[in-house]
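# Got a sequence here, can you build the structure:
(chains A and B)
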Amino acid sequence: MLLDAKEHDFRLLNEKIRKAQEDCHIVGCCGERFIAAGMKDRRITIDGVPGNALGAYLNGAEITVNANAQDAVGDTMNDGKIVIHGSVGDAAGYAMRGGKIYVRNNAGYRAGIHMKEYHEKVPVMIIGGRCGSFLGEYQAGGIIIVLGLETGGKKTVGNFPCTGMHGGKVYLRGDCEGIRLPAQVSSRKATETDMSEIETYLDEYCGIFGLDRNMIKSQQYTVITPDSSNPYKQLYVAN
Amino acid sequence: MNVEGQVRIPSGCAIAAMISKEGNKVSGEKIIEAMKPMHDRSNGLGGGFAAYGIYPDYKDFYAFHLFFNDRDTRKNCEKYLREGFEIVRSEIIPTRKIPAITDEPIIWRYFVTPLKSVLLSLQLDEKEFVARTVMKINTEMNGAYVFSSGKNMGAFKAVGFPEDVGVFYRLDDYEGYSWTAHGRYPTNTPGWWGGAHPFTLLDYSVVHNGEISSYDANRRFIEMFGYKCTLQTDTEVITYIMDYLLRNRGLSLRDAAAVIAAPFWSTINSMPDGKEKQKLKYLRTVFSSLLITGPFSIVFGFDGGLMALNDRLKLRSMVVGEKDDMVYIASEEAAIRVMEPDAENIYAPAGGEPVIICLKDGGNQ
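Numbers count the residues shown, from 1 in each chain, chains lettered A, B, ... in the order given. Next comes the predicted model:
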């Protein structure tokens, strides 16, 4: 179903998507919020810039955006896939608990803030370019991968990455030079086991964006994890 | 009827701005359009615009925009103004009657110039005298409020949604080289005409999305220097801080940004030794009371340019884009795409990283 965003406000647009029993193609998108929130199935393709909280609580649907997206992409998403052929704003994947977010270019501040995982539910976010400060803030689970492609001479991640991290893994392509990490996390060179864990995701990502797998995988990756199961013991109270 | 605590309106303020580096004039239509996709960031309790270069025929005169509660207040205020100024023109600011904007006060503008004899006897420079006059009217004259006082610029604000406020003030009839806009979602104050953004003093204007937590610390410091915060709203104090740092202390825009959105000490300490590190240490130490904490994204307008700035933690969104000689700034990319569908180099500046855009040939003064 073809939907022209210009003819609807965001409530009506979302209602039409929910009622459509088929894949949707939204054209002329310009800031309409909450697109596809909570949706279970179907593919949704978006031309133009969708508004905040794209795919919030997403529960299995697949969203493709042929432009940049704004803040809070995939807020609390549970399952499904969001592909952005551009950059995303702040707090992408906020409290995400399953599914995948693939961003071709850059992410703003607080990408992957409070991502979490439980048994087979492991959320994955891949950012092709660079991201702002507070990457993986309070991360409790899941996988965040930053590839650092075309950063224009800027650092791959901003200040204070992994602040308050207590679970999950952050992968940075390349070394961590110049990146200051908090005392409660540690970084190391990725092992073969680490890399095999993300191989299928990297392959899928390269397939979607037409990138050379070997080029993406050949470089050494750095893995950041919390130091122990309770790295913040006695930080605030004697617990 | 629902009262506070029973209803929650999920929202946040919206800001937008545009400037032509060549100084080309554009009407207010585009900036009004830009506020439409961000409609849900405001709740109808305030909208406003600042425009620069709109009064070329009176560019050497201070343009005072005032709200009056009644005719008597206006008469009294005019009498007071005449004691210090020559008024070369006074008129009602033209508006359109629309259902969305109601309960308007009397809205008037004056083009004025301070009397040389008064300046001489008070031993004040022109700008300081104008600033003191604004403070005096706003604190002592009940029912009168100056909401704009710069040369060749003006603020236009009201209670309502910004896109309605723009229509109400007939901004399509004005042409300026730069525009800023604000849609308000008041968090601390009930929302009235004077409390809408932009907040201005002389040619400085601020539109602000956020809620600063250092308001009282900043207010206590700035009130030592003759500024009076009359509205208990955080944006007013930002305006006065900028005036104090730029006009009074002579700081550059970049240094003023390093005062209000100073880098963390840990960031400063990790810098290589040298002049830059020393300067940042100096600014944080000398102006520690002017550090603004809590979320903000602002666009600061001045004669000849704009500066956009986020708080150092970047707790609010802000995006910048360009096309030819135009630069666009907004809370959301969608707003930029409305102003210029083909905007290029879209990026989000880091927290505390000022984006300063100046006219190629400078401003009015």
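
# how about the helices in chain B?
Using DSSP state H, the helices of chain B run over B:29-34, B:71-84, B:116-122, B:126-140, B:162-168, B:215-222, B:234-243, B:253-260, B:265-269, B:275-286, B:333-339.

# Chain A now?
According to DSSP H, the helices that chain A contains are A:10-19, A:192-209, A:213-218.

# Output the shortest one as PDB, restricted to C-alpha atoms.
What it means is helix A:213-218. Only the C-alpha atoms of helix A:213-218 are listed here, as PDB (Å, rounded to 0.1, in the frame of the first residue of the first chain):
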ATOM      1  CA  ARG A 213      32.700  -8.100   3.800                       C
ATOM      2  CA  ASN A 214      36.400  -8.700   3.700                       C
ATOM      3  CA  MET A 215      37.200  -5.000   4.000                       C
ATOM      4  CA  ILE A 216      34.800  -4.800   7.000                       C
ATOM      5  CA  LYS A 217      36.000  -7.900   8.700                       C
ATOM      6  CA  SER A 218      39.700  -7.700   8.000                       C
END
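
# Give me the buried positions along that helix.
Residues of helix A:213-218 classed as buried: residue A:216 (neighbour count, 16 or more other CB atoms under 10 Å in any protein chain shown). Every residue, glycine included, has its C-beta placed from N, CA and C.

# Name the nearest residue to the residue of the stretch 101-250 of chain B found nearest chain A, sequence neighbours excluded.
The stretch 101-250 of chain B approaches chain A most closely through residue B:209 (12.3 Å), counting by CB to the nearest CB. Spatial nearest neighbour of residue B:209, chain neighbours left out: residue B:13 (3.9 Å); criterion: CB to CB, 6 or more residues apart in numbering or on different chains.

# what sits against that neighbour?
By CB atoms under 8 Å, 6 or more residues apart in numbering or on different chains, the contact list for residue B:13 reads B:41, B:42, B:182, B:183, B:184, B:185, B:197, B:208, B:209, B:210, B:331.

# and with 10 Å instead?
When contacts are counted by CB atoms under 10 Å, 6 or more residues apart in numbering or on different chains, residue B:13 touches B:38, B:41-43, B:46, B:162, B:182-187, B:197, B:207-211, B:235, B:296-297, B:316, B:331.

# Filter the residues you listed down to the buried ones.
B:38, B:41-43, B:46, B:162, B:182-186, B:197, B:207-211, B:235, B:296-297, B:316, B:331.

# Need the nearest residue in space to residue B:264, chain neighbours excluded.
Here the residue nearest residue B:264, using CB to CB, 6+ apart, is residue B:312, at 6.9 Å.

# can you check residue B:218 too?
residue B:237 is the one closest to residue B:218 (CB to CB, 6+ apart), at 4.9 Å.

# any idea how far residue A:103 is from residue B:120?
63 Å (CB to CB, to the nearest Å).

# The two: which is more packed in?
Neighbours per residue (other CB atoms under 10 Å in any protein chain shown) separate residue A:103 from residue B:120, with residue A:103 holding more: 30 against 9.

# OK, contacts around the residue in chain B that chain A sits nearest to?
Nearest to chain A in chain B, going by CB to the nearest CB, is residue B:334, at a distance of 2.7 Å. Shown in contact with residue B:334 (CB under 10 Å, 6+ apart): A:29-33, A:48-52, A:68, A:70, B:34, B:36-38, B:319.

# just residue B:100 next, same as before
B:44, B:47, B:158, B:160, B:161, B:163, B:164, B:165, B:167, B:168.

# Go again with 7 Å.
B:160, B:161, B:164 (CB atoms under 7 Å, 6 or more residues apart in numbering or on different chains).

# Quick one: name the residues of chain A near chain B.
Taking CB under 7 Å from any CB of the partner chain as the criterion, the neighbours of chain B within chain A are A:30-31, A:33, A:49, A:51, A:68, A:70-71, A:89-90, A:108-109, A:132-133, A:158-159, A:180.

# Just give the number of residues close to the residue of chain A found nearest chain B.
Chain B sits closest to residue A:31 of chain A, with a gap of 2.7 Å, by CB to the nearest CB. Residues contacting residue A:31 under the criterion other CB under 10 Å number 27.

# hang on, it packs against residue B:332?
Yes. Applying CB atoms under 7 Å as the test, residue A:31 and residue B:332 come out as touching, 5.6 Å apart.

# ok, the residue of the stretch 101-250 of chain B closest to chain A to residue B:179 distance?
In terms of CB to CB, residue B:209 sits 16 Å off from residue B:179.

# what's the answer for residue A:101, then?
From residue A:101 to residue B:179 the distance is 35 Å (CB to CB).

# Could you do residue B:18 as well?
5 Å.

# where do the contact lists of the two overlap?
residue B:31.

# in the stretch 101-250 of chain B, what spans have low per-residue confidence?
The stretch 101-250 of chain B contains residues with pLDDT under 70 at B:187-191.

# Look up the residues that both of residue A:31 and residue B:332 are in contact with.
B:37, B:38.

# So for residue 11, what's the pLDDT?
I went with chain A, as the question did not name one. Residue A:11 is assigned 93 on the pLDDT scale.

# if you could check chain B rather than the one you did, that'd help
pLDDT, read off for residue B:11, is 48.

# before we move on, what about residue A:233?
Looking at residue A:233, the pLDDT reads 73.

# just residue B:7 next, same as before
43.

# With adjacent residues omitted, what lies nearest to residue 166?
I'll assume chain A. Leaving aside its sequence neighbours, residue A:166 is closest to residue A:226 (5.0 Å, by CB to CB, 6+ apart).

# That was the other one, I meant chain B.
Nearest one to residue B:166, counting by CB to CB, 6+ apart, is residue B:32 at 3.5 Å.
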